[in-house]
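Q: Sequence and computational prediction follow.
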Amino acid sequence: MKLTRLFAAGSTALMLMAAPLLAGDIMVKDAYARSSTPSSVTGAAFLILMNEADTDDRLIAAASDVANRVELHTHKQDANGVMQMMEVEEGFVVPANGMHELKRGGDHIMLMGLKRPLEQGEEITVTLTFEKAGEMEVQIPVDRERKPSHGSMSQSNDS
């Protein structure tokens with residue numbers, strides 16, 4: 001009898017781990033994190049935010065215990081054609097019944113002052129804060145080998 005309950009609990013846990021993460025009407029899909037080298041002091045997290053609500057929401061903050069500071073960032077081209085990374089203090093809109101993709105070369109979560117290396121295959125915990133949906137804790141796998149176009153839902157020139 002105990003073995004049956006243990007098996008059922010384990011099966012349920014596995015199904016929950018495979019399901020997309022939800023906070024209110026926000027769903028997170030295809031999340032991964034990386035640093036450019038094992039000794040890097042910065043890293044980044046990328047994911048797809050899907051909003052199933054009839055109203056817009058906004059990702060307004062992120063936090064993680066693996067870094068001294070976590071910011072929402074994007075890349076912008078300056079007047080000389082040079083790409084620069086910058087903080088987006090107002091956050092990212094996740095449109096009603098739509099999605100917002102955080103991807104390499106675009107909007108992303110910046111992990112600054114890493115407290116330890118991001119090891120291939122481990123998971124880091126990141127807390128996302130939304131204007132309406134509130135907080136969502138996400139376990140994000142570290143995938144330092146992923147190529148820029150993997151997981152992208154659109155054709156683009158990722159860097």
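A: Right, received. Where do you want to start? Given the structure is predicted, the values throughout are model-derived calculations rather than measurements.

Q: From now on I want contacts and neighbour counts done on CA atoms only, so please keep to that.
A: Fine.

Q: can you pull the contacts of the residue nearest to P95 when sequence neighbours are not counted?
A: Leaving aside its sequence neighbours, P95 sits nearest to D56 (C-alpha to C-alpha, 6 or more residues apart in numbering; 4.5 Å). Residues in contact with D56 (C-alpha atoms under 8 Å, 6 or more residues apart in numbering) are 93-96.

Q: Of those, which is the most crowded?
A: Among the contacts of D56, V94 has the most neighbours (other C-alpha atoms under 10 Å), with 23 neighbours.

Q: give the contact list for that residue.
A: 49-51, 56-59, 100.

Q: can you do 6 Å?
A: Residues in contact with V94, defined by C-alpha atoms under 6 Å, 6 or more residues apart in numbering, are 56-58, 100.

Q: I48 too?
A: Counting by C-alpha under 6 Å, 6+ apart, I48 touches 28-29, 100-102.

Q: Ok, K132 next?
A: D57 are the contacts of K132 under C-alpha under 6 Å, 6+ apart.

Q: That one: which element?
A: In the assignment (DSSP states H and E), K132 maps to no helix and no strand.

Q: Next, find the distance separating it from T55.
A: Distance from K132 to T55, counting by C-alpha to C-alpha, to the nearest Å: 10 Å.

Q: just for this structure, where's the confidence low?
A: 1-23, 148-159 (pLDDT under 70).

Q: And the helices in it?
A: According to DSSP state H, the chain carries its helices in the segments 2-18.

Q: coming back round to it: can you add distance to G81 and give the contacts of V94 back as TSV?
A: As requested, those are exported to TSV (distance: C-alpha to C-alpha, whole Å):
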residue	distance to G81
D56	32
D57	32
R58	29
H100	25
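
Q: So which of these is the closest to H108?
A: Set against H108, the nearest of those by C-alpha to C-alpha is H100 (10.5 Å).
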